[in-house]
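Visitor: Model the following, please.
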Amino acid sequence: MAAAGKEVSKRNAAEVAARREQKEAARRDAPNPVWFKPVMFGFMLLGLIWIVLFYITSSNLQLPIPQLGQANIFVGFGFVLIGFLMTPWWK
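Guide: Residues are numbered from 1 along each chain as shown. From the prediction side, this is the model:
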């Protein structure tokens, strides 16, 4: 009786693995959600605008966040980096 239980569990494990593989293949082939591209390009543009705004206003206002000072450049590049890190998943 124990041997029969092992066969059933092996068969179920193989079926579960096959189903999991099918789901992963379907997920890989599925298109991106509608929001993916606007968010990706939005991060890139936000970072670019952040850096340009800082350079333009650095002599008098130091926008976007005056308390950060030169660290505004890192924030801008951080936004750009997030956008570029999203590009490998763009289909």
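Visitor: Could you use CA atoms for every contact and neighbour count after this?
Guide: Will do.
Visitor: Domain-wise, how is the chain divided?
Guide: Following the assignment in automatic domain parsing, the chain carries domains at 1-30, 32-91.
Visitor: is it possible to export these to TSV including mean neighbour count and mean pLDDT?
Guide: As requested, those are exported to TSV (neighbours: other CA atoms under 10 Å; pLDDT from 0 to 100):
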stretch	mean neighbour count	mean pLDDT
domain 1-30	11	73
domain 32-91	15	94
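Visitor: And the next helix or strand past the helix or strand containing Leu46?
Guide: Per DSSP states H and E, Leu46 falls inside helix 36-57. Next along the chain after helix 36-57, taking DSSP H and E as the criterion, comes helix 71-86.
Visitor: What lies in contact with that next one?
Guide: 39-51, 54, 64-65 (CA atoms under 8 Å, 6 or more residues apart in numbering).
Visitor: 10 Å - rerun?
Guide: 36-37, 39-55, 62-66, 68 (CA atoms under 10 Å, 6 or more residues apart in numbering).
Visitor: do the same with stretch 55-63
Guide: 49-54, 64, 66, 68-70, 72-73.
Visitor: In CSV, list these along with distance to Ala17.
Guide: Formatted as CSV, those follow (distance: CA to CA, whole Å):
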residue, distance to Ala17
Ile49, 47
Trp50, 47
Ile51, 48
Val52, 51
Leu53, 52
Phe54, 52
Pro64, 51
Pro66, 55
Leu68, 51
Gly69, 53
Gln70, 52
Asn72, 48
Ile73, 47
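Visitor: any idea how far Leu85 is from Gln22?
Guide: 27 Å (CA to CA, to the nearest Å).
Visitor: Fine, thanks again, bye for now.
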